[in-house]
Structure formats: structure tokens, C-alpha cells
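Predicted coordinates and the sequence they were generated for:
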Amino acid sequence: MSWAPDNGYITTGKTKLIDDPKINVPAGFFYGNYDGLSKPPTFDLQLDGGFRATVDTSASEEGPIFQEILYNPKGESTSLCLVRTHRGEIPFISSLVVAFLPVAEGAKPVYKLMGSNTALHLVDRTTFGGLDQIINSRTFYNCDEYSFRIWRPKAMPGYLNVSSDVNTVHFPGECLGFSYENRPPDSLLKNAITPSNAADSISVQR
């Protein structure tokens, strides 16, 4: 994935440098005390003057954080604004990724319940039984994640991790997730958790 500088995309703002080893992971926001004030801000993201998401960067002290919004643009261009919501706190952004959700012929539409006047804001996306984050976007003709969605592993003490060695060809119609609405990657579907005792249930909490 190639990254473009912000020249030509922004209308205001200043450039600041962060010297912290934790920034070497994908993220949209990492405070890193770039202003020397030790006061990570909270602010809003606004899409096309409407849809909003709140960013609380105090969590970025433990590492970079990100926000994800699925949105149906109203035109050929989209504006993103960082909106100050607290006096004395300055919004910032480290990176921005824009991707589209392609649909192969015969595949179910992705997030079909999302209308033209709605947006989906990510609450959580977890890969159970997996040990690694699924973040690599490759090509549409691949059975892995292709739209930059991040799937985070989650430790589930008391359960067993299981995996499948089923092989799929690198063609959409043969992918395990092809028939599911949100097109989960094969690397996700090949991992799972199961109770130590087959008679027990599984309880999942956020």
C-alpha cells in the first residue's frame, strides 16, 4: 500500500513529528504527546457535514487507535472534518485510509441494510481462535481481507482454539466467505474457539 502526503487534501493545519516506537503499526490517531502538553484531546469526525464519530485519543497512550466508518458518499467527493468539542484541545490525525467495497458477480451485497442516508460505525471486530491481526489488504481475487478492515484477535481463557486446514483457490466464487453478506476473509473463518467440554456453552462479552 502506497501512502500519499496531505498536500492538496487539507485546507488548514500544522505538521508535527512524533518520536515513539509504538507508531509502527496501522492507525489513524496516535497522540504521542506531540505538542508537549500531555493532554490528549477528544474531538469529533464529521463526514460531509453530517455523520459523526467521537475520537478519544487518551487511549492512544497505550498505542495507536483507529476509527472505522462505512459510508455511502452522496457525490464523487467526500469531505472529512476534525471538529473541536473541548476548549483548549486541538484535533489531529495521523493517517487516513479510504477504500471501496467491491462485489463480485453472484456474491451477496456487502452491508446491504445500510441505506444512502446512514453510516455504520465500528464497535468491535474480533477474530476468535486467531493469534494475529488480519489487516493485509491484497486484491479482490483473493480469499483474504480486501477492504482494509482490521480483525483483532481476542484471548478467550477457558476455551480451546481450533483451526481448519481447508484449502481454497484464490478466486472469489470459491472463497469460504463468498456467500456471506460481509465477506469475511478465509483466514478468519478457518479459526474458531470451542468449549473444553462439548456440552458447555460459549459466552462472549465485549
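Good, I have the coordinates. Numbers count the residues shown, from 1 in each chain.

Please enumerate the helices of the chain.
Taking DSSP state H as the criterion, the chain carries its helices at 186-189.

Now do the strands in it.
Using DSSP state E, the strands of the chain run over residues 42-47, 51-56, 69-71, 80-84, 119-121, 126-127, 152-153, 159-163, 191-195.

Looking at these, which is nearest to T11?
Across the strands of the chain, the minimum distance to T11, taken as C-beta to C-beta, is reached by strand 80-84, at 9.6 Å. Using the backbone N, CA and C atoms, a C-beta is placed for each residue, glycine as well.

That closest one - what's its average pLDDT?
Throughout strand 80-84, pLDDT has a mean value of 92.

Also stretch 56-75?
Taken as a whole, stretch 56-75 has an average pLDDT of 80.

what about it, how long is it end to end?
Length of stretch 56-75, first residue to last, C-alpha to C-alpha, to the nearest Å: 29 Å.

most distant residue from the middle of the protein?
Most distant from the centre of the chain: A199, at 34.6 Å, with distances by C-alpha atoms, centre = their mean.

what sits against the nearest residue to D44 once chain neighbours are set aside?
In space, and not counting its chain neighbours, D44 is closest to V83: 4.1 Å by C-beta to C-beta, 6 or more residues apart in numbering. Residues in contact with V83 (C-beta atoms under 8 Å, 6 or more residues apart in numbering) are F43, D44, L45, Q46, R52, P91.

6 Å instead?
The contact partners of V83, taken as C-beta atoms under 6 Å, 6 or more residues apart in numbering, are F43, D44, Q46.

pLDDT weak spots in the chain?
Across the chain, residues meeting the criterion (pLDDT under 70) sit at 1, 20-26, 60-62, 102-109, 134-142, 167-173, 206.

Make a markdown table from the strands of the chain and add distance to E145 to it.
As requested, the strands of the chain are arranged in a markdown table below (distance: least, C-beta to C-beta, whole Å):
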| stretch | distance to E145 |
| --- | --- |
| strand 42-47 | 23 |
| strand 51-56 | 21 |
| strand 69-71 | 14 |
| strand 80-84 | 23 |
| strand 119-121 | 17 |
| strand 126-127 | 10 |
| strand 152-153 | 12 |
| strand 159-163 | 17 |
| strand 191-195 | 13 |
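
Tell me which of these approaches A4 most closely.
Set against A4 and scored by C-beta to C-beta, the strands of the chain come closest in strand 80-84, at 14.7 Å.

Which single one of the contacts of V83 is nearest to R87?
Relative to R87, the closest of the contacts of V83 is F43; by C-beta to C-beta it sits at 11.7 Å.

who's that closest one bridged to?
With DSSP bridges applied, the residues forming beta bridges to F43 are V55, R84.

Run a quick neighbour tally on it.
The burial count assigned to F43 is 21, neighbours taken as other C-beta atoms under 10 Å.

And for F128?
The criterion is other C-beta under 10 Å. On that basis, F128 has 19 neighbouring residues.

ok, for it, nearest residue in space, not its chain neighbours?
I193 (4.6 Å).

just checking, the one you found touches P157?
No - contact criterion C-beta atoms under 6 Å: I193 and P157 do not qualify, at 10.4 Å.

Looking at these two, which one has more neighbours?
Neighbours around I193 and P157, counted as other C-beta under 10 Å, are more numerous at I193. The numbers are 16 against 4.

Thanks a lot, catch you later.
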